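A.B. asks: Predicted model, plus sequence, below.
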Amino acid sequence: SCKKMEDGMEEMMPGEPVPVTEGNFSDALNFPVIQSDNYSLIAQTTNGGVFNSNPVAAYGYQNDALLGPTLKVSSGQPLSVNVQNNLVEPTNIHWHGLTTPENMDGYPTDLIQAGSSFNYNFPVNSRAGMYWYHPHSDKKTGEHTFKGLAGLIIVNDAEESALNLPSGQQELLLVIQDKRISGNTINYAPAETEVITGYMGTYVFVNGVYAPFYSLSTRQYRVRILNGSNARVYHLALSDTASFTVIGSDGGLMATPETVNSILVGPGERVDLIVDFRNYALNSEVFLISKTFDGGIAQGTQEFKIMKFVVSQQEADTFILPAALSSYNVLSESQSTHSRSFDISNPHGTMGHSGHESGMGHNIGGKTFDANRIDEYVTAGAIEVWTFDNSLGEEPHPMHLHGVQFQLLDRAGGRGVIEPWEKGWKDTALLMPKEKVQVIIPFGSSTGKFVFHCHNLEHEDDGMMLNYLIQ
């Protein structure tokens, strides 16, 4: 799979698609425990998750669980989370989508040593939405996240509460992740070719359960989904092609609902949906599936089932989705004071950050991550337009900025449109092969050094991450 390049470096050929093996959908869906105060996480080895009714040897933030607890907090409140590291190596936590001070963001070299603890403490000033947390240590983000270190954060606020959206039993928080399992242990060992494509699993888990089912009633459900996979993109749909309604994305509710019948979700992205089960016959089954898509060299070639919904109970439902969901400032390019452009097509012939002589080291504009180098200087309070250019690229890149939320302005090439589920506030923008995306970013008043990177975690660990300094 190698050919010699003229400079003597070996150039790796890209990897093949990793097919998904569907299960029999006989294990019940689990939901992680909820913490709404006394927040604490213990990074540890554990037997968590469910794989063909057996537990899985993994990493976790609590005993006997593949995912960490779901942290619930109200906007405007402080969040104080004590994290104990009981692993044999350093780790840390990044609060994906939340705006934190520089020293609380989980910068790749700000580590909690083995056996030590750290208290993350910051005010939550984000809009209501579903955010998430996962490790972010340099060159280890992919392994630690894949092995099970991740969890959800739910932020509530008054604007969202006033809508009386489906809640309780009618609100499903779903984390979709693909895993590799050998001997009931999560296996993380990317080959060189899998550093190029990203590490994809053969078994798709939801909330730490492989191929689960969930019994529900003839009502409307709020279904909030995180793609918590390292590299796999999902083209989500219902198996009967029914449409559903998008009400929010990464940074909370959109201005108005959008009706679709499929959604493309990259690693790190979240979508907030209303799915209507009112017209299903009792005992009918419908699957959440991933459909095929044009995903470059190693993605999108297979349609597969992710989980099964069983409509098992007849219930009345009076919920009516409002026509207006949220009000926020829609930013326009004319407000921008500065623009920057980044080539993420990963031209051949560069050295990977981790020293892999793959000939295809993942980079941004030819540079790979260096904790001691500032790549971009940003003025606090500025509004900027950043362009990520994957025009020559052959693989997807979900681009994520720490410390901010942004809005998408334009997509050229590829799909050529801002998708309905990409409206509103975002912290991760998916670039498929051949696409170029413009985002507009209001930088707040908090200063310091933050990273932006590809959320394909193998790409990130391979060096596809740069620093920016807000000053």
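C.D. replies: Received, thanks. Residues are numbered from 1 along each chain as shown.
A.B. asks: hey, let's count contacts and neighbours off CA atoms from now on
C.D. replies: OK.
A.B. asks: On the C-terminal side of the helix or strand hosting Trp95, identify the next helix or strand.
C.D. replies: Assigned by DSSP states H and E, Trp95 falls within strand 94-96. Counting by DSSP H and E, the next helix or strand C-terminal to strand 94-96 is strand 117-123.
A.B. asks: and the next helix-or-strand element following that next one, which strands flank it?
C.D. replies: Using DSSP H and E, the helix or strand that follows strand 117-123 towards the C-terminus is strand 129-134. If you go by DSSP bridges, strand 129-134 pairs up with strand 94-96 (antiparallel), strand 151-156 (antiparallel).
A.B. asks: most neighbours per residue, which of these?
C.D. replies: With neighbours defined as mean count of other Cα atoms under 10 Å, the strands paired with strand 129-134 peak in mean count at strand 94-96, which reaches a mean of 24.
A.B. asks: circling back to that earlier point, which residues does the strand holding Trp95 contact?
C.D. replies: Residues lying outside strand 94-96 but in contact with it, judged by Cα atoms under 8 Å, 6 or more residues apart in numbering, are Met104, Asp105, Gly106, Tyr107, Tyr131, Trp132, Tyr133, His134, Pro135, His136, His402.
A.B. asks: Adding distance to Ser74, write these out as JSON lines.
C.D. replies: Output for the contacts of strand 94-96, formatted as JSON lines (distance: Cα to Cα, whole Å):
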{"residue": "Met104", "distance to Ser74": "18"}
{"residue": "Asp105", "distance to Ser74": "19"}
{"residue": "Gly106", "distance to Ser74": "21"}
{"residue": "Tyr107", "distance to Ser74": "24"}
{"residue": "Tyr131", "distance to Ser74": "13"}
{"residue": "Trp132", "distance to Ser74": "15"}
{"residue": "Tyr133", "distance to Ser74": "16"}
{"residue": "His134", "distance to Ser74": "20"}
{"residue": "Pro135", "distance to Ser74": "23"}
{"residue": "His136", "distance to Ser74": "25"}
{"residue": "His402", "distance to Ser74": "21"}
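A.B. asks: what's the most distant pair in these?
C.D. replies: Across the contacts of strand 94-96, the longest distance by Cα to Cα is 17.4 Å; it joins Tyr107 and Tyr131.
A.B. asks: ok, back up a step: got CSV for the strands paired with strand 129-134, with distance to Gly300 too?
C.D. replies: Formatted as CSV, these follow (distance: least, Cα to Cα, whole Å):
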stretch, distance to Gly300
strand 94-96, 25
strand 151-156, 26
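A.B. asks: Could you dump these into a markdown table with mean pLDDT added?
C.D. replies: Listed next are those as a markdown table, based on pLDDT from 0 to 100:
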| stretch | mean pLDDT |
| --- | --- |
| strand 94-96 | 98 |
| strand 151-156 | 98 |
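A.B. asks: Determine which of the ones you listed approaches Ser36 most closely.
C.D. replies: Ser36 lies closest, by Cα to Cα, to one member of the strands paired with strand 129-134: strand 151-156, at 9.6 Å.
A.B. asks: Nearest the geometric middle of the protein, what residue?
C.D. replies: Gly268 (1.2 Å; Cα atoms, centre = their mean).
A.B. asks: correct me, but it touches Ala429?
C.D. replies: No: using Cα atoms under 8 Å as the test, Gly268 is too far from Ala429 to be in contact (9.2 Å).
A.B. asks: which neighbours do these two share?
C.D. replies: Pro398, His400.
A.B. asks: residues in contact with stretch 254-263?
C.D. replies: 234-238, 241-248, 323-328, 420-421, 423-425.
A.B. asks: swap the cut-off to 6 Å and go again
C.D. replies: The contact list for stretch 254-263 (Cα atoms under 6 Å, 6 or more residues apart in numbering) reads 235-237, 243-248, 324-327, 424.
A.B. asks: For that stretch, buried residues please.
C.D. replies: Going by neighbour count (16 or more other Cα atoms under 10 Å), the buried part of stretch 254-263 is Met254, Ala255, Thr256, Pro257, Glu258, Val260, Ser262, Ile263.
A.B. asks: per-residue pLDDT, the fourth one?
C.D. replies: Pro257 carries a pLDDT value of 98.
A.B. asks: Over to the last one?
C.D. replies: We have a pLDDT of 98 for Ile263.
A.B. asks: if I look at it, how far off is Ile225?
C.D. replies: Ile263 sits 11 Å away from Ile225, going by Cα to Cα, to the nearest Å.
A.B. asks: Show me which residues of stretch 283-295 are buried.
C.D. replies: Glu285, Val286, Phe287, Leu288, Ile289, Ser290, Lys291, Gly295.
A.B. asks: Check stretch 97-116 too.
C.D. replies: 97-102, 104-108, 110-113.
A.B. asks: and of these, the nearest to Val439?
C.D. replies: Ranked by distance to Val439 (Cα to Cα), these are led by Gly97 at 15.4 Å.
A.B. asks: From Gly201, how far off is that closest one?
C.D. replies: 25 Å.
A.B. asks: Would you list the phi and psi of Glu159?
C.D. replies: The phi/psi pair for Glu159 (degrees, to the nearest 10) reads phi -60, psi -50.
A.B. asks: Leaving aside the residues adjacent along the chain, what's closest to it?
C.D. replies: Spatial nearest neighbour of Glu159, chain neighbours left out: Ser326 (7.2 Å); criterion: Cα to Cα, 6 or more residues apart in numbering.
A.B. asks: Next: Glu394.
C.D. replies: Pro433 (4.9 Å).
A.B. asks: same question, Gly266
C.D. replies: Val233 (4.6 Å).
A.B. asks: Same question for Ser215.
C.D. replies: The spatially closest residue to Ser215, leaving aside those adjacent along the chain, is Val310, at 4.7 Å (Cα to Cα, 6+ apart).
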